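Participant: One predicted model, sequence on top.
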Amino acid sequence: MAAPRSYVLWSYCGRGWSRLVRTCGPRGLHSSLPAGSLGVRFLSQEKHATQTHFGFETVSEEEKGGKVYQVFESVAKKYDVMNDMMSLGIHRVWKDMLLWKMNPLPGTQLLDVAGGTGDIAFRFLNYIQAQHQRKQKRQLRAQQNLSWDEIAKKYQDEEDPLGGSHVMICDINREMLKVGQKKASDQGHKAGLTWVLGDAEELPFDDHKFDIYTIAFGIRNVTHIDQALQEAHRVLKPGGRFLCLEFSRVNNPLISRLYDLYSFQVIPVLGEVIAGDWKSYQYLVESIRKFPSQEEFKEMIEDAGFQKVTYESLTSGIVAIHSGFKL
Ligand SMILES: COc1cc(O)cc(C/C=C(\C)CC/C=C(\C)CC/C=C(\C)CC/C=C(\C)CC/C=C(\C)CC/C=C(\C)CC/C=C(\C)CC/C=C(\C)CC/C=C(\C)CCC=C(C)C)c1O
Ligand SMILES: C[S@@+](CC[C@H](N)C(=O)[O-])C[C@H]1O[C@@H](n2cnc3c(N)ncnc32)[C@H](O)[C@@H]1O
């Protein structure tokens with residue numbers, strides 16, 4: 001569908017001309033003139049950039065990407081410590097729950113978009129490796145009559161412990177990727193992962209390439225969420241799964257009040273004290289409030305072509321995991 005254009009209209013209401021900006025979509029001009037208007041002069045056809053939000057601020061769509069980039073460039077080095085401090089470690093449990101829901105099999109090709117400092121990717125590799133080790137132990141226990149030499153040899157001759165699984169970590173921000181790459185080498189993750197600089201709205205991958213697409217705490221920052229969802233659908237294989245972990249809507253009014261207090265009174269202060277960055281953490285809490293509810297987001301995922309879309313709210317709806325399939 002063609003993007004709506006904005007036009008400047010000037011309306012005369014008796015006391016003088018006033019400037020109105022109205023959009024013109026494919027079905028015509030959407031404008032209602034104030035009562036008492038004596039006439040309209042169509043003075044110009046300036047094309048206006050479409051407006052969107054950056055937290056509670058209204059910005060042009062062109063500006064938003066740059067502002068989001070600055071936020072994550074600024075917080076990258078303190079990102080992990082901030083998350084532990086802000087959530088008292090709860091974000092780790094939410095990410096573990098994403099992995100339990102995914103329950104990947106050896107050989108899975110995962111694309112983790114907005115993968116940042118690698119939290120989902122490392123959990124994926126650890127999950128697959130742990131599965132492989134459990135399987136190996138089960139097999140060895142079943143073979144009661146093996147000698148010590150044979151057991152040692154089985155461990156030495158080990159084939160790929162990832163069973164061909166691979167995770168592609170794609171993020172738009174160089175600084176976040178750099179921190180992630182350093183963490184990977186510190187934690188000894190060498191095989192099974194690739195780091196790619198790329199935009200969720202225009203993924204640098206062919207169609208039908210991945211078994212699973214994840215995005216954790218990323219989609220809220222994307223300018224055109226519908227575009228990112230369509231890209232997720234495009235790069236998944238038929239039968240592939242979309243999983244999204246994101247902040248959502250708290251339904252209990254008392255918890256919601258406490259959560260608001262904590263978010264607006266505590267999180268930016270922590271951001272200032274720990275990361276020297278109040279503004280980025282103010283953006284974080286504001287962007288959470290701008291993100292659609294569980295049901296609204298489910299509809300957006302369905303609109304992108306996914307089927308069997310479901311969600312699970314965690315911690316009273318502070319976050320939710322949405323799941324959908326490309327069938
Ligand atoms: C720039 O963009 C970003 C930067 C990032 O670093 C990260 C992200 C993306 C985000 C993540 C990866 C996850 C990071 C996690 C969070 C943002 C945390 C959000 C989650 C919560 C607020 C809820 C869960 C956290 C907790 C339960 C922490 C517990 C806090 C306390 C026990 C209270 C601390 C109390 C004080 C410091 C005293 C002063 C308090 C007030 C003035 C406010 C009153 C607050 C309370 C009475 C308690 C707080 C209540 C709640 C949190 C709600 C309770 C909820 C339930 C019981 C379910 C990124 O995009
Ligand atoms: C809050 S972090 C989440 C990182 C990680 N997934 C996690 O769960 O901790 C958000 C990430 O989204 C990335 N991001 C924002 N807009 C993006 C876009 N259009 N395409 C890809 N990544 C984007 C940021 O650079 C940042 O690394």
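Facilitator: Received, thanks. Ligands and ions are numbered 1, 2, ... in the order given.
Participant: where in the stretch 51-200 of the chain is pLDDT low?
Facilitator: Where the stretch 51-200 of the chain drops to pLDDT under 70, the residues are 154-158.
Participant: Looking at it, which residue is nearest ligand 2?
Facilitator: Nearest residue of the stretch 51-200 of the chain to ligand 2, counting by CB to the nearest ligand atom: Gly116, 2.8 Å away. Using the backbone N, CA and C atoms, a C-beta is placed for each residue, glycine as well.
Participant: Is it correct that Gly218 is in contact with Asp119?
Facilitator: No. Using CB atoms under 8 Å as the test, Gly218 is too far from Asp119 to be in contact (11.1 Å).
Participant: residues touching Thr223, list them.
Facilitator: Counting by CB atoms under 8 Å, 6 or more residues apart in numbering, Thr223 touches 52, 61, 64-65, 68, 201.
Participant: Let me know the secondary structure of it.
Facilitator: Three-state call for Thr223 (DSSP: H, G, I helix; E, B strand; the rest coil): coil.
Participant: picking up where we left off before, hmm, which of the contacts of Thr223 are the buried ones?
Facilitator: Burial by neighbour count, judged by 16 or more other CB atoms under 10 Å, picks out 52, 64-65, 68, 201 from the contacts of Thr223.
Participant: Turn those into TSV, including secondary structure and distance to Tyr259.
Facilitator: What follows is the buried ones among the contacts of Thr223, written out as TSV (DSSP: H, G, I helix; E, B strand; the rest coil; distance: CB to CB, whole Å):
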residue	secondary structure	distance to Tyr259
Thr52	strand	25
Lys64	helix	25
Gly65	helix	28
Val68	helix	23
Glu201	coil	30
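Participant: and ligand 2, which of these contact it?
Facilitator: Filtering the buried ones among the contacts of Thr223 for neighbours of ligand 2 using CB under 6 Å from any ligand atom leaves 68, 201.
Participant: Out of the buried ones among the contacts of Thr223, which is nearest to Phe325?
Facilitator: Phe325 lies nearest to Glu201 out of these, by CB to CB, at 21.7 Å.
Participant: I'd assumed Glu246 was in contact with Phe291.
Facilitator: Yes. Counting by CB under 8 Å, Glu246 is a contact partner of Phe291 at 6.6 Å.
Participant: Which neighbours do these two have in common?
Facilitator: Counting by CB under 8 Å, 6+ apart, the shared contacts of Phe291 and Glu246 are 220, 297.
Participant: Now the most centrally placed residue in the chain: closest residue in space, sequence neighbours ignored.
Facilitator: With distances taken as CA atoms, centre = their mean, Gly218 lies nearest the centre of the chain, 2.2 Å away. Using CB to CB, 6 or more residues apart in numbering and skipping residues adjacent in sequence, the residue nearest Gly218 is Ala114, 2.3 Å away.
Participant: Wait, the one you found touches Asp171, no?
Facilitator: Yes. Using CB under 8 Å, Ala114 is in contact with Asp171, at 5.7 Å.
Participant: what touches both of the two?
Facilitator: Shared contacts of Ala114 and Asp171 (CB under 8 Å, 6+ apart): Gly218.
Participant: Pull up the distance across stretch 244-260, start to finish.
Facilitator: In stretch 244-260, first residue to last residue: 23 Å (CA to CA, to the nearest Å).
Participant: For that stretch, report the contacting residues that lie outside it.
Facilitator: 94-95, 98, 214-220, 288, 291, 293-294, 297, 301, 311, 313, 316-323.
Participant: Check whether it comes near ligand 2.
Facilitator: No. Judged by CB under 6 Å from any ligand atom, stretch 244-260 and ligand 2 are separated, with a smallest distance of 6.9 Å.
Participant: picking up where we left off before, read off the pLDDT value for the residue nearest to the centre of the chain.
Facilitator: Gly218 is assigned 98 on the pLDDT scale.
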